[in-house]
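>>> got a sequence here, can you model it:
(2 chains)
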2 protein chains.
Amino acid sequence: MSAPILVQDRLGQIRSRKKTPANPILFLNFALSNAYNIKYINMKSYIEANKDRFLEELFSLIRIPSISSEQEHKPDMVLCAERWKELLLEAGVDKAEVMPTAGNPVVYSEKIIDPTKPTVLVYGHYDVMPVAPLELWRTSPFEPVVRDGHIWARGADDDKGQSFMHAKAFEWMVRTGNLPCNVKFMLEGEEEIGSPSLYGFCEEHKDLLKADVILVSDTSMIATDVPSITSGLRGLCYWEVEVTGANHDLHSGIFGGAVANPINILCKMIADLHDADGHITIPGFYDDVLVLGDEERTLMAQAPFDEEQYKKNLGVRALKGEKGFSTKERTGIRPCLDVCGIWGGYTGEGSKTVLPSKAYAKISTRLVANQDYEKVSRQFVEYFEAAAPECVSVKVKPCHGGAAYVAPLDLKAYRAAERAMQEVYGQRPIPTRSGGSIPIVAGFEKILGIKSILMGFGLASDDIHAPNENYPLEQFFRGIETIPLFYKYFAE
Amino acid sequence: MSAPILVQDRLGQIRSRKKTPANPILFLNFALSNAYNIKYINMKSYIEANKDRFLEELFSLIRIPSISSEQEHKPDMVLCAERWKELLLEAGVDKAEVMPTAGNPVVYSEKIIDPTKPTVLVYGHYDVMPVAPLELWRTSPFEPVVRDGHIWARGADDDKGQSFMHAKAFEWMVRTGNLPCNVKFMLEGEEEIGSPSLYGFCEEHKDLLKADVILVSDTSMIATDVPSITSGLRGLCYWEVEVTGANHDLHSGIFGGAVANPINILCKMIADLHDADGHITIPGFYDDVLVLGDEERTLMAQAPFDEEQYKKNLGVRALKGEKGFSTKERTGIRPCLDVCGIWGGYTGEGSKTVLPSKAYAKISTRLVANQDYEKVSRQFVEYFEAAAPECVSVKVKPCHGGAAYVAPLDLKAYRAAERAMQEVYGQRPIPTRSGGSIPIVAGFEKILGIKSILMGFGLASDDIHAPNENYPLEQFFRGIETIPLFYKYFAE
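This is a model prediction of the structure:
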């Protein structure tokens, strides 16, 4: 291209040898729309000039209800992948493909500037969680709106908002000549259901996915004034259990007292999964849990945490967890077990008396480093089935699972992320262990032999997986600003 | 009317002084359609001649989905009451009215033949239970069909089928000149939700409802070859409980292990309602329970009961109940506590991870003679609210309740019912204590001072309150045959 080169100085002023608009924003838009070859435009100005377009592009992804756990949304998964492909091509990749898997497709894309330079593989997911209970949403989950400085929608943060920051940071690097290394993008459509197809996809495409580091924005930081990087993730195991009493629903008067009620039995079986101290009772469950030394626990305890404010935000008078551990430890370094859903009998309006035939629950555990999720899954199935009294029959269906993950703090990529965030947020980020799970991150390490950096910009208040998910515009734009700095320091 | 009098002899042959069809059925229809004044036609012939019409009339009641616990069916309650009124007028009552109450209307109707003669008050209910889970019904619950000798529909037995037998038995008595006493009918539309308005209705209309006995068919007999009369009913208490943890649904990874899960807590609270021996742990719950003496327990144990067959019918390997009592005792003379419904968190397809904000359950107890349901209700509310750990808040909403009831076996009306059933079924009926509840029956005794006779023709296999409710045609027609005999012996 023979378009003139534009130079932006440290104050954001743009110098040019041609007569162009004096206001830097107007100038930038003029330059972009005239296909100028722009260099050294600083990120802040670029964002300012393009923010409406950035949001419109993100919203075009959000509007597609790509709920991976609901069969009816199968066509939306393909639509969303195709839309990602378009957006990546517009952002400046060399190529982008929607690649089939055993399940929902993967969007793969790359820009190779020099094979001798390091390669960053950006991972994200375009699938989202279900939206029930719909009645608790203040605005429609798939019609994104900006209100009070936040984007409100399912996927606003997790992970459409966060992964799309990478596309826009990449766009800036490409358009302004600031891309210091090769980039690959991999966006999957099954993260929220445990990435069942991505493991196979990675096995099959080991060469294609070769990279020096995997960069992921799918986690949170402590607060906007307390930046943090997730150095560990919990693993996950998930089961659906079914307890059957009589072969059909019975009259609770005629049979009540003589025939086992599967709801009462299920409640007892669930209650028995914890002891009085909040320990999980599944035999062998804690066998492989690494117990942190006092020194590391002391370091962890230094991260700012206001328990009173935490309780206030949740609206609870008291917290509850495993005896002998602090709140941050309970979510960071200790496993836990929660019932995610339960149902059985009559749940409609009014007071129907019935002795139901069946009761169901969805049960999940979060695992910590060194726990083998497949072993834990077997332990639970065996224990729960054996715990069933003779008066009922119990079925346990293992659903998805994944291992925990830890990133060492002396990794070059971790240090690059640390410097990038420090530059934008003005403070050195604290390494944290997240209670959440991204099972595939442990999978990447196992299959591809690549470590991941979890540089997330979400906040606890984003209500991911819940009604009224949201993402602060400030975090969206600061994320875009931070990412190119990661590339810069990682490529140094 | 000047129509000729017809006489039927003991063999069912009809003698007439006019030229009429020789076949007794054809003759009977000819006679009915020509407004003959029929006398002494025996019940069996009458049923045979009219059975299609009886069923069509019953079906016209069943087709109205009069579910009292669901607001959307409010208009159906009025429709069903109006249809009852029409059917009673056609059956030959002097008057019939749809009378307002604070809730659904009551159908009141009477035929007073002689104020000096005894009066029977027939009680029944035109409301039915909800039909969920709809997918388990083999045919639509409100489109009655006859298959394999049974009527299949919601209300086929409970209580449209059973109460309608009284209208048809009454029709025969009126049309054939066999009515030996005064009859009043009272059909309510709120039995399945605990008759909240009928108590007030009885208080207000004590004079109108004056009678010597209340006759009710809303219970079961042991088997068609083991007739029985229900001499006792259990009482009932019903509550809806709500457990709240955090003020909104949370990510089960980020918060799991540190914040109370209301489902886990609710399960524990429900589990703690029974001890290891199956006793209910609510303080004071058993205080007023009358413990039966060994002699009465020995008598009860003589009723035929095949526990192996009972288990086989239910499809269970083992029964479960209070230690120290037999199966029949557990449902007949002992109280019990069952969860009728439970729900919370994610209950849809797939494996959504969530730490829910709320969990709910519908809990009921069945009470026995001498337990005060209002006292038990208070005991439960106090206990359950106090049992809530500080990390959650618990609300308990008392729903309906009612006292238990016992009919003495030496009551004249009981003996009349015994003789009537013995005549039709060929065996003396066994007095049984039903595990079910008709709370208003205890209310009748308290408010109106009238004892009720629970002469029910249902069978355990009728699946009342459950999918595929049904009623054997044989029981429907034998019930119609039995009822006039009760009137005959009661009026003697």
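
>>> off-centre distance for stretch A:233-250?
Computed by Cα atoms, centre = their mean, to the nearest Å, the chain-centroid distance of stretch A:233-250 equals 26 Å.

>>> how long is that stretch end to end?
For stretch A:233-250, the first-to-last residue distance is 45 Å (Cα to Cα, to the nearest Å).

>>> tell me which residues in it are buried?
Across stretch A:233-250, burial judged by 16 or more other Cβ atoms under 10 Å in any protein chain shown covers A:233-246, A:248-250. For the C-beta atoms, the positions are set from N, CA and C on the backbone; glycine is no exception.

>>> ok, which of the residues you listed also contact chain B?
Applying Cβ under 8 Å from any Cβ of the partner chain to the buried residues of stretch A:233-250, one finds that A:234, A:236, A:238, A:240, A:245-246, A:248-250 fall near chain B.

>>> what residue ranges in the stretch 1-150 of chain A score low on pLDDT?
Along the stretch 1-150 of chain A, segments meeting pLDDT under 70 span A:1-40.

>>> one more time with 90
Applying pLDDT under 90 to the stretch 1-150 of chain A flags residues A:1-43, A:45, A:49.

>>> chain B contacts on that one?
Listed as neighbours of chain B in the stretch 1-150 of chain A under the rule Cβ under 8 Å from any Cβ: A:68-71, A:129-130, A:132, A:136.

>>> most neighbours among these, which one?
Within those, neighbour counts (other Cβ atoms under 10 Å in any protein chain shown) peak at residue A:68, which reaches 28 neighbours.

>>> which ones are touching that residue?
A:77, A:104, A:127-128, A:189-193, B:350 (Cβ atoms under 8 Å, 6 or more residues apart in numbering or on different chains).

>>> and which of those residues is nearest residue B:118?
residue B:350 (64.7 Å; Cβ to Cβ).

>>> who touches the residue nearest to the closest one when sequence neighbours are not counted in this structure?
Leaving aside its chain neighbours, residue B:350 sits nearest to residue A:69 (2.9 Å; criterion: Cβ to Cβ, 6 or more residues apart in numbering or on different chains). Each residue near residue A:69 by Cβ under 8 Å, 6+ apart is listed here: A:129-130, A:192-193, B:348-352.

>>> among those, which ones are in strands?
Of those, none are assigned to strands by DSSP state E.

>>> CSV for these, including distance to residue B:364?
Below are the contacts of residue A:69 laid out as CSV (distance: Cβ to Cβ, whole Å):
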residue, distance to residue B:364
A:129, 35
A:130, 32
A:192, 38
A:193, 37
B:348, 27
B:349, 30
B:350, 32
B:351, 31
B:352, 30
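
>>> of those residues, just say which sits nearest to residue A:406.
Nearest to residue A:406 among the contacts of residue A:69: residue A:192, at 22.6 Å, using Cβ to Cβ.

>>> circling back: by neighbour count, which of the contacts of residue A:68 wins?
residue A:128 (32 neighbours).

>>> in the sheet, who's paired with it?
With DSSP bridges applied, residue A:128 shows beta-bridge pairing to residue A:67.

>>> pretty sure it contacts residue A:67?
Yes: assessed by Cβ atoms under 8 Å, residue A:128 is found in contact with residue A:67 at 5.8 Å.

>>> next, show the common contact partners of the two.
Both residue A:128 and residue A:67 are in contact with residue A:192, where contact means Cβ under 8 Å, 6+ apart.

>>> what's the closest non-adjacent residue to residue A:245?
residue A:262 (4.1 Å).

>>> tell me the contacts of that neighbour?
Shown in contact with residue A:262 (Cβ under 8 Å, 6+ apart): A:243-245, A:344, A:356-359, A:392.

>>> residues contacting the most far-flung residue of chain A relative to its centre?
No residue in chain A sits farther from the centre than residue A:254, which is 49.9 Å out by Cα atoms, centre = their mean. Shown in contact with residue A:254 (Cβ under 8 Å, 6+ apart): B:220, B:331, B:434-436, B:460.
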